[in-house]
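In: generate coordinates for the sequence data below:
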Amino acid sequence: QVQLVESGGGLVQAGDSLRLSCAASGRTLSSYAMGWFRQAPGKEREFVAAINWSGRNTYYADSVKGRFTISRDNAKNTVYLQMNSLKPEDTAVYYCAAGRIATMKAQLYDYWGQGTQVTVSS
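Out: Model (predicted):
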């Protein structure tokens, strides 16, 4: 069993940056691929970024490519999402997830955090 806790969300202005963290407990994070997803009000949860267990391979949604960077520190059991050049359309609850493979398919992740709110004002 893996427990995931996201942090780092907040209210920022367009163009600002935020770094989200996802801390794991229960089992070592190095056993899992990790993903970040987000859900805006009235919309379905969507894929943001994913990273394989070693950190060597990363994947991004087209909407965040070039602005967001996913990384991990297995020694700290933590995954990060660096978000730069934030836009109002990035406003959502951001979730991290752990699974066997790095994928954009939410249903393939086994464990989820509770989410952290990111609000970007124009």
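In: which helix or strand contains the residue nearest the centre of the chain?
Out: The centroid of the chain falls nearest to Trp36 when counting by Cα atoms, centre = their mean (2.6 Å). Assessed by DSSP states H and E, Trp36 sits inside strand 33-39.
In: what does Cys96 give?
Out: Going by DSSP H and E, Cys96 is in strand 92-99.
In: neighbouring strands for that strand, and are they parallel or not?
Out: Applying DSSP bridges, strand 92-99 is found paired with strand 33-39 (antiparallel), strand 109-112 (antiparallel), strand 116-121 (antiparallel).
In: winner for burial among the ones you listed?
Out: Mean neighbour count (mean count of other Cβ atoms under 10 Å) peaks for strand 33-39 among those, with a mean of 24. Every C-beta, even on glycine, is put in place using the N, C-alpha and C of the backbone.
In: which elements pack onto the helix or strand following that one?
Out: Next along the chain after strand 33-39, taking DSSP H and E as the criterion, comes strand 46-51. Packing partners of strand 46-51 (3 or more Cβ pairs under 8 Å, 6 or more residues apart in numbering; DSSP states H and E): strand 33-39, strand 58-60, strand 68-73, strand 78-83.
In: what angle separates strand 46-51 from strand 78-83?
Out: 120 degrees (axes from the mean of the first three to the mean of the last three Cα atoms, to 10 degrees).
In: ok, and for strand 46-51, which residues are buried?
Out: Neighbour counts over strand 46-51 (16 or more other Cβ atoms under 10 Å) mark 47-51 as buried.
In: Gly10: which of these is nearest?
Out: Val48 (16.8 Å; Cβ to Cβ).
In: and the angle from the strand holding Cys96 to strand 68-73?
Out: Going by the same axes, to 10 degrees, strand 92-99 is angled at 40 degrees with respect to strand 68-73.
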